[in-house]
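Model the structure of this input:
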Amino acid sequence: MSSLRVHMSFTGRPIASEEAGPPSGLSRDAYRIVQEALTNVNKHARGTATQVRISGGPGHDLTIGIRNRMPLANTSGAAGLPGSGIGLVGLRERVTLAGGALVSGPDAGEFVVEARLPWPA
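Next up, the predicted model:
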């Protein structure tokens, strides 16, 4: 069993100790976006380094970007798995319902998932 190589970075306005964290719906959506992207890396590009960047804060959008190098060949065997291809479609619907936007696809030799979600003040 191989492990994922993930580099995560967080930027944005720090949340003061007396402030509540992100709204629960926003937290769930963000978690689900990262979960689906990392699941896809494990299925389709196992062993490639992955970058996860999260930024934002109250009154600003929460942005999430996940990038991994495209695999040289499809060695995962995931192409014929039941449900393959549905995860990103579902995420796009979830993000749209939350008032945000999600784009995904190849970009300069990498596979990219980028989401923007509103974070109320």
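
Go ahead and report the secondary structure state at Gly99.
Of the three states, Gly99 takes coil under DSSP: H, G, I helix; E, B strand; the rest coil.

For Leu62, see how far away Ala101 is.
For Ala101, the distance to Leu62 equals 12 Å [C-beta to C-beta, to the nearest Å]. The way it works is simple: take the backbone N, C-alpha and C, and place the C-beta from them, glycine included.

go on, Asn68?
21 Å.

How about Val89?
For Val89, the distance to Leu62 equals 21 Å [C-beta to C-beta].

Just want to know which of those two has more residues nearby.
Neighbour tally, Val89 and Leu62, criterion other C-beta atoms under 10 Å: the higher count belongs to Leu62, 23 against 10.

Surely the more buried one touches Ile33?
No - Leu62 lies out of contact with Ile33 (C-beta atoms under 8 Å); the separation is 9.7 Å.

got the contact list for Glu36?
Contact analysis of Glu36 by C-beta atoms under 8 Å, 6 or more residues apart in numbering lists Gly87, Leu88, Gly90, Leu91, Val113.

Confirm the third one sits in a strand?
No - Gly90: not assigned to a strand; according to three-state DSSP it is helix.

any idea which element the closest residue to it other than its chain neighbours lies in?
Spatially, and ignoring its direct neighbours in sequence, Gly90 is nearest to Glu36 (7.9 Å; C-beta to C-beta, 6 or more residues apart in numbering). When secondary structure is defined by DSSP states H and E, Glu36 falls within helix 24-44.
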